[in-house]
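> could you work out the structure for the sequence below:
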Amino acid sequence: MGTAFAVAAKAPITAVLLLLKLGEYTIIVPLMVAIVLASAMSHVLDRDRIHASKLRRRGVDISVTPEERRLATITVGQIMEPVGTSLRESVSLHAAAGVLSHAPHGQLPVLDAYGRYRGIATAQTVAATPPTETTIGSPSRLSSNCPTP
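The predicted structure is shown next:
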């Protein structure tokens with residue numbers, strides 16, 4: 001009885017506690033061993049509890065949340081936004097600040113003279129730049145810098 005409950009409910013500790021309540025202490029150790037072995041074998045064969053197994057056979061997957069189910073139907077193309085404008089390394093800080101002020105996320109990709117990605121310029125980094133620097137292309141100002149080939 002204890003092993004059947006432990007396997008069906010996936011609750012071996014509860015099964016042992018219920019057996020202790022019966023008051024027959026001479027069979028507790030063999031039953032504990034039987035419960036551990038039955039629970040281990042049950043875990044290897046099927047990881048679901050009995051109620052979850054019944055639901056899974058009916059096609060109901062309770063391990064997936066509604067948000068995960070909803071996200072599984074959305075493709076990357078549906079949520080991506082076009083890159084839009086990008087900045088060149090040689091653009092002045094003043095011009096970069098003007099373009100970044102209209103950027104929807106406050107950041108834009110920075111490309112070198114050959115059109116290769118150099119990093120991301122953010123409105124915060126442009127605003128924090130000392131007035132002695134004149135262009136956006138300094139690697140210290142770009143987030144996620146790419147190594148020079």
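> kindly list the longest helix within this structure.
helix 28-45 (DSSP state H).
> pLDDT averaged over that helix - what is it?
In this model, helix 28-45 has an average pLDDT of 88.
> could you give me the buried positions within whatever helix or strand comes next after that helix?
Per DSSP states H and E, the first helix or strand lying C-terminal to helix 28-45 is helix 50-57. Buried residues in helix 50-57, defined by neighbour count with 16 or more other CB atoms under 10 Å: A52. Glycine gets a C-beta too; all of them are placed from N, C-alpha and C.
> what lies in contact with helix 50-57?
A8, A9, K10, D46, D48, D61, I62, S63 (CB atoms under 8 Å, 6 or more residues apart in numbering).
> just the angle between the worst-scoring helix or strand of the chain on mean pLDDT and helix 28-45, please?
Lowest on mean pLDDT, DSSP states H and E among the helices and strands of the chain sits helix 50-57, with a mean of 76. Here helix 50-57 points in a direction 20 degrees away from that of helix 28-45 (axes from the mean of the first three to the mean of the last three CA atoms, to 10 degrees).
> what's the offset of helix 50-57 from the middle of its chain?
26 Å (CA atoms, centre = their mean, to the nearest Å).
> hey, C-alpha coordinates of that helix in CSV?
This file holds the C-alpha atoms of helix 50-57, laid out as CSV (Å, rounded to 0.1, in the frame of the first residue of the first chain):
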residue,chain,number,x,y,z
ILE,A,50,-0.5,10.1,-12.0
HIS,A,51,-2.8,13.1,-12.6
ALA,A,52,-0.4,14.9,-14.9
SER,A,53,0.0,11.6,-16.9
LYS,A,54,-3.8,11.4,-17.4
LEU,A,55,-3.9,15.0,-18.5
ARG,A,56,-0.9,14.5,-20.9
ARG,A,57,-2.7,11.5,-22.5
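> in contact with D46, which residues are there?
So D46 contacts S53 (CB under 8 Å, 6+ apart).
> and the residue located most distally from the centre of the chain, how close does it get to S53?
The outermost residue of the chain relative to its centre, with distances by CA atoms, centre = their mean, is T26 at 49.6 Å. Between T26 and S53 the computed distance is 34 Å (CB to CB, to the nearest Å).
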